[in-house]
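Undergrad: Return atomic coordinates for the entry below.
(2 chains)
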There are 2 protein chains.
Amino acid sequence: MQLHKRDVVDAATSLLDSYGIADLTMRRLARELNVSPGALYWHFANKQELLGAVADRILESVGDVSGGWRDRVAGTCGRLRDALLSHTDGAELVSASFAAGQSDAMARILTQLSGAAADAGVDPTHAELAARTIVYYVLGFTVDEQSRLQWDAAGAELPDEQSVLSDDPSARFEFGLRLLVDGIAAHSDSVVGGRD
Amino acid sequence: MQLHKRDVVDAATSLLDSYGIADLTMRRLARELNVSPGALYWHFANKQELLGAVADRILESVGDVSGGWRDRVAGTCGRLRDALLSHTDGAELVSASFAAGQSDAMARILTQLSGAAADAGVDPTHAELAARTIVYYVLGFTVDEQSRLQWDAAGAELPDEQSVLSDDPSARFEFGLRLLVDGIAAHSDSVVGGRD
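TA: The predicted model follows:
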């Protein structure tokens, strides 16, 4: 039977959801699919590439957001957070793929956010940096939120006082996003008038 | 010979620097120290606690920063980034310890940043959220930067276009920080007049 790339990504995503990123190895995946590890390397040159394909699968639901630049930032980031939280270790896997430059979906999200920053009036050389700042915040927040959620689910006894979950995490997430949006607006005011 | 807590943290930090976070296990650490794993559990109830102690060691150099609130944010975050980058997997280890609420040093840094946000005029209920937003940005940025640095050092061939290192990473880091500081200033203007 022929092994399709799509089937490999399906199986990898399901391994991730069941056992987490530490158990997502090429060897384990090959066993799951009843193929030799070599068959996987026909589709993916290395594990980074495979993780990138899983990241893109996780981020499929993010899509394009329309509206003014503030709505686009809020909408894209809200969907990004939801997508990361809906898979075991999703935030960690996507962070790693982003760092390795292996996720087309993250590149697309960066482009969307850069476009929003440019529409806010941030000059072109800084729009991508503004977009990256937003992405780092979303990844940093969601890695923290998801670690805590997963530990709590596993019954780990951890001190409460530093937990991101001690209050409504969505409200906390949106507060930080608003701070960044305000910063972009303030930054762009001093350069060119932003379009809303 | 008596095993001091300080010696355990020394050995753990040195294991981390030589082999990375994946090889920092209680078993390996016990072998390194020529003691039984049980001797370690006398000092640390579990691995999370040990990682928290290593995080605090890594962050020893951050200390208190004086000056206006903007300088305190910039100074604290710059030192935090330097501290994370000076140990193998430092950003990942400190992120995990922060999520687990195990790092006293991160709690102290959060308090410092909350104080700076409060001095900027952010109301007390939001000052800690503003501080967390800054911390998530610094951790998100530095995890990305360090992953990339370590992969490049290991000779991994990765696409350049998404790399945080393609330009001066310090300038990129400071740009994002400025965006957040501007956001805090803008946010606080609408609430109370900020003190500079």
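Undergrad: where exactly do the helices run in chain A?
TA: Along chain A, the stretches classed as helices by DSSP state H are A:5-19, A:26-33, A:37-41, A:47-58, A:69-85, A:90-99, A:104-119, A:124-153, A:169-189.
Undergrad: how about the fourth one, does it reach chain B?
TA: Yes. Contact of helix A:47-58 with chain B (Cβ under 8 Å from any Cβ of the partner chain) involves residue A:48. Backbone N, C-alpha and C define where each C-beta goes, glycine included.
Undergrad: Would you mind giving the orientation angle of that helix with respect to helix B:124-153?
TA: Inter-element angle recorded for helix A:47-58 and helix B:124-153: 140 degrees (by axes from the mean of the first three to the mean of the last three Cα atoms, to 10 degrees).
Undergrad: quick one: helix A:47-58 to helix A:104-119, angle?
TA: 60 degrees.
Undergrad: by contact count, what packs against helix A:47-58?
TA: helix A:5-19, helix A:26-33, helix A:90-99, helix A:104-119 (3 or more Cβ pairs under 8 Å, 6 or more residues apart in numbering or on different chains; DSSP states H and E).
Undergrad: rerun at 6 Å
TA: Helices and strands touching helix A:47-58, by 3 or more Cβ pairs under 6 Å, 6 or more residues apart in numbering or on different chains; DSSP states H and E, are helix A:5-19, helix A:90-99.
Undergrad: can you list the helices of chain A in TSV and add distance to residue B:183?
TA: Below are the helices of chain A laid out as TSV (distance: least, Cβ to Cβ, whole Å):
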stretch	distance to residue B:183
helix A:5-19	34
helix A:26-33	42
helix A:37-41	44
helix A:47-58	28
helix A:69-85	12
helix A:90-99	23
helix A:104-119	13
helix A:124-153	10
helix A:169-189	3
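Undergrad: Quick one: low-confidence residue ranges for chain A.
TA: Along chain A, segments meeting pLDDT under 70 span A:1, A:159-166, A:189-196.
Undergrad: tell me which parts of it are close to chain B?
TA: Residues of chain A found near chain B (Cβ under 6 Å from any Cβ of the partner chain) are A:99-101, A:129, A:133, A:136-137, A:139-141, A:144, A:147-148, A:158-159, A:162-163, A:172, A:175-176, A:179-180, A:182-183, A:186-187.
Undergrad: Mind giving me the PyMOL command for buried ones among the residues you listed?
TA: Listed next is the PyMOL selection for buried residues among those, using 16 or more other Cβ atoms under 10 Å in any protein chain shown:
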select buried, chain A and resi 99+100+101+129+133+136+137+139+140+141+144+147+148+158+162+163+172+175+176+179+180+182+183+186+187
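Undergrad: Tell me the spacing between the closest residue in space to residue A:71 that isn't next to it in sequence and residue A:77.
TA: Using Cβ to Cβ, 6 or more residues apart in numbering or on different chains and skipping residues adjacent in sequence, the residue nearest residue A:71 is residue A:65, 7.0 Å away. In this view, residue A:65 and residue A:77 are 9 Å apart by Cβ to Cβ, to the nearest Å.
Undergrad: go on, residue A:133?
TA: For residue A:133, the distance to residue A:77 (Cβ to Cβ) stands at 12 Å.
Undergrad: same thing with residue A:150?
TA: Distance of residue A:150 to residue A:77, computed by Cβ to Cβ: 21 Å.
Undergrad: Can you add distance to residue B:13 and give the helices and strands packed on helix A:47-58 back as CSV?
TA: Below are the helices and strands packed on helix A:47-58 laid out as CSV (distance: least, Cβ to Cβ, whole Å):
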stretch, distance to residue B:13
helix A:5-19, 30
helix A:90-99, 23
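Undergrad: circling back: the more surrounded of residue A:65 and residue A:77?
TA: Between residue A:65 and residue A:77, counting by other Cβ atoms under 10 Å in any protein chain shown, residue A:77 is the more crowded of the two (26 against 16).
Undergrad: how near is that one to residue A:170?
TA: Distance of residue A:77 to residue A:170, computed by Cβ to Cβ: 12 Å.
Undergrad: same deal with residue A:71?
TA: 17 Å.
Undergrad: Equivalent analysis for residue A:182, please.
TA: Note on residue A:182: its distance to residue A:170, by Cβ to Cβ, is 19 Å.
Undergrad: among the helices and strands packed on helix A:47-58, which is nearest residue A:60?
TA: helix A:5-19 (10.4 Å; Cβ to Cβ).
Undergrad: now for that closest one, which elements pack on it?
TA: Packing contacts for helix A:5-19, counted by 3+ Cβ pairs under 6 Å, 6+ apart, involve helix A:26-33, helix A:47-58.
Undergrad: buried sites along the shortest one?
TA: The neighbour-count criterion (16+ other Cβ under 10 Å) identifies A:26, A:29, A:30, A:33 as the buried residues of helix A:26-33.
Undergrad: Now for residue A:177: which residues touch it?
TA: residue A:77 (Cβ atoms under 6 Å, 6 or more residues apart in numbering or on different chains).
Undergrad: Look up how far residue B:88 lies from the residue nearest to the spatial centre of chain A.
TA: In chain A, the residue lying closest to the centroid (Cα atoms, centre = their mean) is residue A:94, at 4.8 Å. Distance, residue A:94 to residue B:88, using Cβ to Cβ: 22 Å.
Undergrad: One more: residue A:71?
TA: The gap separating residue A:71 from residue B:88 is 41 Å, by Cβ to Cβ.
Undergrad: Please parse chain A into its domains.
TA: A:5-44, A:61-189 (automatic domain parsing).
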